[in-house]
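Q: Next input, structure requested:
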Amino acid sequence: MVIRPIEPGDWPAFFPVFRDIVEAGETYAYPLGLTPEQAWDLWVEGPPGVTVVAVDESGAVLGSAKSGPNRPARGSHVATASFMVSPAARGRGVGRQLGEWVLTWAHEQGYAAMQFNAVVETNEAAVTLWKDLGFQVIGTVPEAFESRTHGRVGLHVMHRYL
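A: Residues are numbered from 1 along each chain as shown. Purely as a prediction, here's the structure:
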């Protein structure tokens with residue numbers, strides 16, 4: 001697997017993953033029915049942020065991550081990140097490798113910490129992975145996410161120093 005910056009040519013392969021994850025209604029609060037252009041604008045970070053894809057040896061897109069400052073100005077020393085892995089690639093370590101890549105990138109950029117603002121508490125795979133990579137749940141906003149399966153569930157705020 002190779003992790004590299006996203007290119008416009010990756011979007012036709014990744015957009016269906018993005019759309020299906022959003023429409024599943026379990027992990028992201030993005031609006032439904034986004035066009036490919038609208039989704040690109042939401043997902044792809046401009047400088048000082050970065051958006052990457054994980055591709056296999058054939059060039060197939062397995063997942064993507066984006067990272068950058070969590071807040072502007074006086075909050076810009078803390079990074080944030082978001083991740084999506086193709087359902088077909090789950091269980092192959094793609095999320096872990098993207099997570100490790102983003103943590104390394106953020107450290108190299110001089111960020112002091114990383115904060116995830118909205119990890120859906122029922123997304124057990126993500127919560128377990130982030131804890132394994134050193135994050136702590138520092139709070140949970142009750143019933144802040146409308147899960148299609150579980151109804152209203154909490155959103156964890158997770159943090160880790162770099």
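Q: Surely Ala112 is in contact with Val78?
A: Yes: judged on C-beta atoms under 8 Å, Ala112 makes contact with Val78 at a distance of 6.4 Å. From N, CA and C alone the C-beta is placed, and that goes for glycine too.
Q: These two - which one has more neighbours?
A: Taking other C-beta atoms under 10 Å, Ala112 and Val78 do not tie; Val78 has more neighbours (17 against 11).
Q: unless I'm mixing things up, Ser64 is touching Val50, no?
A: No: at 10.9 Å, Ser64 does not count as touching Val50 under the criterion of C-beta under 8 Å.
Q: Name the residue in the two with the higher neighbour count.
A: A count of neighbours by other C-beta under 10 Å puts Ser64 above the other of Ser64 and Val50, at 26 against 20.
Q: Pull out the buried positions in stretch 124-142.
A: Neighbour-count burial for stretch 124-142, with 16 or more other C-beta atoms under 10 Å as criterion, is recorded at 126-127, 129-130, 133, 135, 137.
Q: Identify the residues contacting it?
A: 27, 83, 90, 95-96, 99-100, 103, 114, 116, 118-121, 154-160 (C-beta atoms under 8 Å, 6 or more residues apart in numbering).
Q: re the thing from before, closest to Val55 among the buried residues of stretch 124-142?
A: Leu129 (20.1 Å; C-beta to C-beta).
Q: Please identify the helix or strand for the closest one.
A: helix 124-132 (DSSP states H and E).
Q: Nearest spatial neighbour of Val61, chain-adjacent residues omitted?
A: In space, and not counting its chain neighbours, Val61 is closest to Ala13: 4.4 Å by C-beta to C-beta, 6 or more residues apart in numbering.
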